[in-house]
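Engineer: Here is my input, please return the structure:
(one chain, ligands or ions: 1)
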Amino acid sequence: MANKSGLFPLHLYILCLDLNFNRITLTFVSYKVLPIYIIDREMSLLSITNLSKKFPQSKTYALQDINLEIAEGSIQAIVGENGSGKTSLLKVIAGLEHPDKGSIIFSGQTIVNGKVAISAEQREIGVIFDDYALFPQLNLLENVKVALQPKEKHSTQIARDSLALVGLEDSYKLFPHQLSSGQRQRAALARALASRPKILLLDDPFKSLDTRFKNEMIQDLQDIVKSTGITAIIASHHAKDALSLADNLAILHKGTLQQQGPPEEIYRNPANAYVANFFGKRNEIVATSTPDGFYSGFGFMPDPESVKFNEKVKILFRAEDAKIKKDANQPLSGTIHRTLFYGDHQIVKLMDDEGHQVSIKAHPGRNFPLGERMFFTIEKYELEEAF
Ligand SMILES: Nc1ncnc2c1ncn2[C@@H]1O[C@H](COP(=O)(O)OP(=O)(O)OP(=O)(O)O)[C@@H](O)[C@H]1O
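Structural biologist: I've put the predicted structure just below:
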């Protein structure tokens, strides 16, 4: 949440010692000096209230009652599947689309109030859409200079500084077709940064990058954003990228905001099933509730909470929230059906006698022979009524 900034009149108290006439008097004089702003570093730079947008040709809302506070200097990720409203939200913030209702306050100024809005050019907002929109006939230096005012005296130096910021200082004479897709993205970033915007909007910046470049780019982007002090809003449909990149996440689904907050908090405490599954499908065991716990094909799991449920219950948990145990003294077990190796971890799929499966994250060095019975515990789970 945004913290408040306030105007505080400062009173200066001066202690006067009057040594005249061999006596001491104490006088307090209060001076009201210039007011000072006490600004919290986490002050909200962008404040979105009750924002809704429906495209004329569409029956459903692209954005519905969005409320979002974005702190200055932070990286805010907007995540959601295709068609969830991410681009529409960026476009409304940039001034490229107009909302039907709601307001946006940017840097203390109302830039959108219902259908009344200041133009895109008047907002100090840089935008990078997923096609990067570099001019093919211009070299990198010229591409970056396009973002600067024609009257700008030091445009060449500013453009070269921006290219240096993204590691392209030696490539300024190259044309977009001579660059890799990661370099094109950096060039687009340099162009957006050249005009020193207060806020930078990036639409799916990692879409066309392979995993290695993507991870590098995520780190670079983080470094650049943090070193320039700029505020960045990044739309992405990759939940995992957003988790590692952002200070704050906002999860959109069908135009509505499902949850917002620090990535780890959302990952650990999802507000609803949609958010929980957005970070990867959770395991689901359908079990029968008894007075002491839950029975399923994987065995009996004691839990006093079972009394609160009707007959059928879903036990929902992530692969990393279960542990495979060596000792057979565990209530839950299954046979090893498959293992998937991911380098730094492996996923072991265990199956019960009826063919139901669960996936459990395990150390990459452990050996799991197919068909062998393994015991496991579930350390963190959610329960849902199954109908
Ligand atoms: N110009 C338009 N005219 C009509 N409907 C539109 C327009 N732009 C977007 N929409 C609709 O608004 C909804 C949200 O679209 P939007 O592009 O914002 O989603 P998104 O999350 O960015 O998707 P993607 O990840 O595929 O880019 C979708 O249902 C889309 O069809």
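
Engineer: Could you list the low-confidence segments of the stretch 101-250 of the chain?
Structural biologist: 130-132, 208 (pLDDT under 70).

Engineer: Repeat the analysis, applying 90 as the threshold.
Structural biologist: Along the stretch 101-250 of the chain, segments meeting pLDDT under 90 span 107-108, 114-135, 146-157, 161-162, 164-169, 172, 179-198, 204-229, 237-245.

Engineer: what does it have sitting close to the ligand?
Structural biologist: residue 237 (Cβ under 6 Å from any ligand atom). Heads up, the C-betas are built off the backbone N, CA and C, glycines and all.

Engineer: Pull the number of nearby residues for residue 229.
Structural biologist: Residues near residue 229, counting by other Cβ atoms under 10 Å, number 9.

Engineer: how about the nearest residue to it, chain neighbours excluded?
Structural biologist: Nearest residue to residue 229 in three dimensions, chain neighbours excluded: residue 73, at 5.5 Å (Cβ to Cβ, 6 or more residues apart in numbering).

Engineer: Number of residues surrounding that neighbour?
Structural biologist: Using other Cβ under 10 Å: residue 73 sits among 17 other residues.

Engineer: Figure out the helix or strand that it lives in.
Structural biologist: Under DSSP states H and E, no helix or strand contains residue 73.

Engineer: Surely it and residue 231 touch.
Structural biologist: Yes - taking contacts as Cβ atoms under 8 Å, residue 73 lies within contact range of residue 231: 5.9 Å.

Engineer: Name the residues contacting each of these two.
Structural biologist: Contact criterion Cβ atoms under 8 Å, 6 or more residues apart in numbering; residues bridging residue 73 and residue 231 by contacting each: residue 45.

Engineer: who's in contact with residue 92?
Structural biologist: 51, 53, 63, 98, 99, 104, 112.

Engineer: export these to JSON lines and tack on secondary structure and neighbour count?
Structural biologist: Shown next, in JSON lines, are those (DSSP: H, G, I helix; E, B strand; the rest coil; neighbours: other Cβ atoms under 10 Å):
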{"residue": "51", "secondary structure": "strand", "neighbour count": "23"}
{"residue": "53", "secondary structure": "strand", "neighbour count": "22"}
{"residue": "63", "secondary structure": "strand", "neighbour count": "27"}
{"residue": "98", "secondary structure": "coil", "neighbour count": "13"}
{"residue": "99", "secondary structure": "coil", "neighbour count": "26"}
{"residue": "104", "secondary structure": "strand", "neighbour count": "23"}
{"residue": "112", "secondary structure": "strand", "neighbour count": "23"}
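
Engineer: residues contacting the residue nearest to residue 229?
Structural biologist: 41, 45, 226, 229, 230, 231.

Engineer: any idea how far it is from the ligand?
Structural biologist: 25 Å (Cβ to the nearest ligand atom, to the nearest Å).

Engineer: Residue 367 too?
Structural biologist: Residue 367 is 41 Å from the ligand, by Cβ to the nearest ligand atom.

Engineer: Is that residue within a helix or a strand, and which one?
Structural biologist: Counting by DSSP H and E, no helix or strand carries residue 367.

Engineer: what do you get for residue 214?
Structural biologist: helix 211-228.

Engineer: count of neighbours near the spatially closest residue to residue 96 that is not a sequence neighbour?
Structural biologist: Spatially, and ignoring its direct neighbours in sequence, residue 96 is nearest to residue 120 (5.8 Å; Cβ to Cβ, 6+ apart). Residue 120 is flanked by 15 other residues according to other Cβ under 10 Å.

Engineer: Isn't residue 120 up against residue 97?
Structural biologist: No - under the criterion of Cβ under 8 Å, residue 120 makes no contact with residue 97, lying 9.8 Å away.

Engineer: out of the contacts of residue 92, who's nearest residue 138?
Structural biologist: Proximity of these to residue 138, judged by Cβ to Cβ, is greatest for residue 98, which lies at 30.8 Å.

Engineer: Single out the residue in the stretch 101-250 of the chain that lies closest to the ligand.
Structural biologist: Per Cβ to the nearest ligand atom, residue 237 is where the stretch 101-250 of the chain lies closest to the ligand, at 4.9 Å.

Engineer: Nearest spatial neighbour of that residue, chain-adjacent residues omitted?
Structural biologist: That would be residue 81: by Cβ to Cβ, 6+ apart, it lies 5.8 Å from residue 237.

Engineer: pretty sure that neighbour contacts residue 255?
Structural biologist: No - with contacts defined as Cβ under 8 Å, residue 81 does not count as touching residue 255, sitting 11.7 Å away.

Engineer: Those two: which has the busier surroundings?
Structural biologist: residue 255 (22 against 14).

Engineer: give me phi/psi at that one?
Structural biologist: Dihedral pair for residue 255: phi 80, psi 0, per degrees, to the nearest 10.

Engineer: tell me the pLDDT at it?
Structural biologist: Turning to residue 255, the model gives it a pLDDT of 97.

Engineer: do you know how far it is from the ligand?
Structural biologist: On the measure of Cβ to the nearest ligand atom, residue 255 and the ligand end up 7 Å apart.

Engineer: now residue 306: how far from the ligand?
Structural biologist: 40 Å.

Engineer: partners of the nearest residue in space to residue 49 that is not next to it in sequence in the sheet?
Structural biologist: What sits nearest to residue 49 in space, not counting adjacent residues and going by Cβ to Cβ, 6+ apart, is residue 103, at 4.9 Å. Under DSSP bridges, the beta-bridge partners of residue 103 are residue 49, residue 113.
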